[in-house]
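1. Mind looking at a prediction? Sequence and model below.
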Amino acid sequence: MQQLEVRNDLTVVGGGLAGICAAIGAARQGSTVALVQNRPVLGGNSSSEVRVWVCGATAHGVQSFARETGIMGELFVENQYQNPLGNPYYWDLVLLEAVRAEPLITLYLNTDVRTVDAADGAIRSVTGWQLGSEKEIRFVSPVFVDCSGDGLVGMLAGAEYRTGREPRSQYGESWAPEVPDANTLGSTILFYTKDAGEPVRFVPPSFAKDVTETAIPDRRVIRTDLNGCAYWWIEWGGELDVVDDNEAIRDELQAVVYGIWDHIKNSGRFDADNLTLEWIGSVPGKREYRRFVGDHVLTQHDVLDQTEFADRVAFGGWSIDLHPPGGVYAAERGSKHWFSDGAYHIPLRSLYSHNIHNLWMAGRNISASHVAFGTTRVMATCAVIGEAAGIGAAVALRNGLTPRELAQDRFDLMKYALTRADASVLGLTDDDPANLALTATATASSTLTRPAFEVSSGTLPLTADLGMIIPIDPSLDGFELLVDSAGGSLTVELHDPVKPQNYLPAKLIDSATIDLPAGEKRWVRIPLTWYPAEPSNAFVVLRQSPGIAVHTTAAPLPGAIHFTRREPSPDEQWTEQFRSWKHILPRTGLCLRLGETAAYAPAKVLGGQARPYGGPNHWSSEDLAWDASPWLQLTWPEPVTLAEIVVVLDADVQEDLINLHHHRTPFEALPTLLADYTLEARTAGADWTVVAEVSGNHHRTQRHLLPTPIEATELRLTAHRTHGNPRAHVVSIRAYRS
């Protein structure tokens with residue numbers, strides 16, 4: 001047996017999405033990282049071993065403009081490009097290649113951490129056994145990140161943690177039980193089927209569960225066209241200890257899977273003769289176990305009130321999603337959901353242990369109540385938390401700070417690092433003094449200043465209330481819609497969503513009723529006005545109007561989305577769960593003429609927000625039919641030294657991407673991205689010099705490190721081609737001296 005010792009700046013234990021993003025985030029800050037994973041593949045519950053789809057703040061389209069950026073965003077976009085069919089093995093490759101692309105990360109697969117050396121409130125090392133190679137490896141570093149899911153490292157180090165459900169009295173959470181208990185969310189094993197093209201028998205094993213003796217056939221949805229995570233409700237173990245009883249839970253879950261498959265194949269209730277079982281998981285996908293205690297415990301109130309923490313470092317948007325402890329055998333529905341009105345914030349103080357001063361945590365083990373954990377636990381949210389923890393750990397180490405000192409005394413350092421990394425954070429303005437672009441002015445060859453979308457692709461009858469988001473910058477003085485009318489009137493309302501990340505009507509600002517004589521394809525002026533104190537989104541409601549239809553367009557207004565209003569079902573127990581406004585018309589919009597706006601001005605690329613937040617926050621050229629090679633230029637009053645130029649493009653964070661099979665997004669590269677562009681620089685009066693040429697781009701963020709720093713007073717980006725968008729979009733241009 002070999003005994004090895006490795007030393008790094010950071011040791012990240014756990015190779016799920018939280019651990020991957022923590023390791024990459026720290027490595028990009030210049031820290032050397034040991035990434036230790038106890039399985040042969042990366043990805044945790046999302047890997048080919050477990051095959052849970054990666055959900056996040058978009059909540060399958062419930063939340064608007066909420067898809068993650070940063071490292072998780074890169075993984076989504078790369079997977080869409082490499083793996084549009086959602087092959088779980090290709091997803092494994094996307095993750096492995098992302099880690100291997102970072103020279104400062106050393107990856108240790110099949111390495112199970114079993115012991116921790118800790119004293120005086122700090123971890124000195126962790127030791128793992130690498131299966132196959134028969135090596136005992138001791139990992140020594142000044143900082144550790146526990147992304148193990150179950151929280152083994154922190155527990156062994158003596159970090160304070162909780163399991164189970166807190167009482168309602170502890171945080172005043174209405175979804176907490178009156179009496180505390182040890183119940184958790186259970187584990188899941190999934191399965192896939194395929195059509196063999198000929199009849200295939202299935203002889204069930206002796207241990208298969210007879211599901212007809214349970215509530216499963218009556219209480220759960222079983223269909224022959226479902227696979228994988230469509231069977232998320234195959235869950236059990238919430239009333240046990242999901243770690244101590246892991247083997248029993250696995251056996252029971254496999255018995256349930258084989259029992260469900262026996263029911264499908266042999267009950268005679270399904271057309272399943274040609275179906276065969278293609279894959280069944282052997283590793284239970286765990287949902288919940290230990291939650292460490294940090295300097296702040298995230299609660300139901302923080303999520304639903306969307307608390308704006310001064311030290312916010314990540315966001316989520318999935319519902320508070322809690323399941324009955326009895327899992328698959330429970331008589332009640334398999335889950336209940338309570339959505340916040342938009343994305344909510346996660347503070348840095350929830351990502352480190354309050355009593356082990358060099359322990360960070362990320363994933364499903366962060367400092368949160370059981371109820372709040374119900375939303376932070378989904379994997380894309382775990383991933384953005386992981387990136388924040390990795391960046392935080394590296395920044396604190398580099399500056400000789402404890403996690404608490406970074407969060408409370410020097411959060412400016414964290415903020416600059418997050419914005420430079422394009423991390424998933426809402427409401428943090430890029431005011432980094434190192435960003436030379438903040439001292440420049442921005443101009444462009446053209447800008448979308450008077451949007452008019454006049455080509456109809458069809459009509460949408462107003463048989464239900466219709467909602468529409470319009471960016472307002474600086475004000476709204478009416479707009480026009482293209483309508484068909486059989487006669488009657490149309491009532492239109494304008495609402496303020498109040499919070500910049502929300503896309504729901506919250507506060508009525510103005511309303512009008514317009515008489516519409518009979519006629520087709522008529523432009524109708526909607527006399528609504530609003531003068532918000534800062535750029536905002538307006539939620540416009542077109543009230544249900546029989547005999548009236550609005551025209552749709554295949555080339556929608558950037559930043560605009562459309563909703564229809566639904567009524568809740570009579571048996572909805574928790575009305576808070578129901579989102580009455582549902583997004584519709586994906587990748588289309590309404591025919592409208594908007595007055596003059598600065599919502600797409602060149603100045604939007606300088607500082608500010610790098611994602612939709614109170615508006616789209618990007619520059620848009622005029623239609624490429626009018627400006628075939630649009631350019632965007634930064635000009636400085638005095639020469640600056642440029643060593644790195646970062647271009648952030650529009651990856652359309654409204655588009656709900658996913659890694660596996662929930663739905664198919666119909667393109668490999670997002671249409672709003674620039675495919676080809678050129679960067680040039682010059683000093684006043686000199687010739688332009690090409691500093692970068694990009695072709696075939698499918699990424700949101702491109703970082704251009706110049707071989708030799710240059711002096712310049714002007715920097716120009718010229719767009720040559722998009723992936724299908726009719727206009728060129730740029731979210732941000734940043735420039736650094738080093």
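-> Now that the structure is in, tell me what you want to look at.
2. Gly70 - how many residues pack around it?
-> Using other C-beta atoms under 10 Å, Gly70 is surrounded by 25 other residues. Any C-beta I mention is one placed from the backbone N, CA and C, and that applies to glycine too.
3. That one against Val384, yeah?
-> Yes: Gly70 is within contact range of Val384, at 6.1 Å (criterion: C-beta atoms under 8 Å).
4. where does this structure dip in pLDDT?
-> Confidence mapping of the chain against pLDDT under 70 gives the ranges 569-578, 585.
5. Domains in it, by residue range?
-> Using automatic domain parsing, the domain ranges for the chain come out as 2-165+288-420, 187-280, 436-447+600-736, 452-594.
6. which one of the ones you listed has the most crowded surroundings?
-> Mean neighbour count (mean count of other C-beta atoms under 10 Å) peaks for domain 2-165+288-420 among the domains of the chain, with a mean of 22.
7. May I ask which helix or strand encompasses Arg138?
-> Arg138 belongs to strand 135-140 when assigned by DSSP states H and E.
8. Now list whatever residues contact both of Gly70 and Val384.
-> Common contacts of Gly70 and Val384 (C-beta atoms under 8 Å, 6 or more residues apart in numbering): 21, 423-424.
9. Tell me the one among the residues you listed nearest to Thr678.
-> For these, the residue nearest Thr678 by C-beta to C-beta is Ala423; the value is 27.6 Å.
10. so the closest one touches Gly392, yeah?
-> No: using C-beta under 8 Å, Ala423 is not in contact with Gly392; the gap is 10.5 Å.
11. so what sits against both of those two?
-> Val313.
12. and the longest strand for the chain?
-> strand 701-722 (DSSP state E).
13. Can you name every helix or strand that that strand contacts?
-> Contact analysis of strand 701-722 by 3 or more C-beta pairs under 8 Å, 6 or more residues apart in numbering; DSSP states H and E lists strand 631-649, strand 674-682, strand 689-694, strand 729-736 as its packing neighbours.
14. got a list of what Ser64 touches?
-> 342, 469, 503, 561, 583, 654.
15. Dihedrals phi and psi, it?
-> Main-chain torsions, Ser64, degrees, to the nearest 10: phi -100, psi 140.
16. can you check Leu304 too?
-> Dihedral angles (degrees, to the nearest 10) for Leu304: phi -70, psi -30.
17. Gly19 now?
-> According to degrees, to the nearest 10, Gly19 has phi -70, psi -40.
18. For Gly294, see how far away it is.
-> Distance, Gly19 to Gly294, by C-beta to C-beta, to the nearest Å: 18 Å.
19. go on, Ser695?
-> 45 Å.
20. and what of Pro142?
-> Pro142 is 19 Å from Gly294, by C-beta to C-beta.
21. Trp318 now?
-> According to C-beta to C-beta, Trp318 and Gly294 sit 20 Å apart.
22. do Pro546 as well
-> Per C-beta to C-beta, Pro546 is found 55 Å from Gly294.
23. just the contacts of Ser64 now: which is nearest Asn246?
-> Lowest distance from Asn246 to those (C-beta to C-beta) belongs to Gly342, with 36.8 Å.
24. pretty sure the closest one contacts Phe65?
-> No: under the criterion of C-beta under 8 Å, Gly342 lies out of contact with Phe65, with a separation of 9.1 Å.
25. shared neighbours of the two, anything?
-> 501, 503.
26. quick one on the thing from earlier: between the shared contacts of Gly70 and Val384, which is nearest Leu516?
-> Nearest to Leu516 among the shared contacts of Gly70 and Val384 is Ser424, at 43.5 Å by C-beta to C-beta.
27. Check the burial of the closest one by counting its neighbours.
-> Per other C-beta under 10 Å, the neighbour tally for Ser424 reads 32.
28. so which strand or helix has it?
-> Here Ser424, judged by DSSP H and E, is contained in no helix and no strand.
29. Provide the secondary structure category for the closest residue to it other than its chain neighbours.
-> Once flanking residues are discounted, Ser424 sits nearest to Val384: 4.0 Å by C-beta to C-beta, 6 or more residues apart in numbering. What DSSP: H, G, I helix; E, B strand; the rest coil gives for Val384 is helix.
30. if I pick Val384, what's in contact with it?
-> Counting by C-beta under 8 Å, 6+ apart, Val384 touches 21, 56, 68, 70, 72, 314-316, 423-424.
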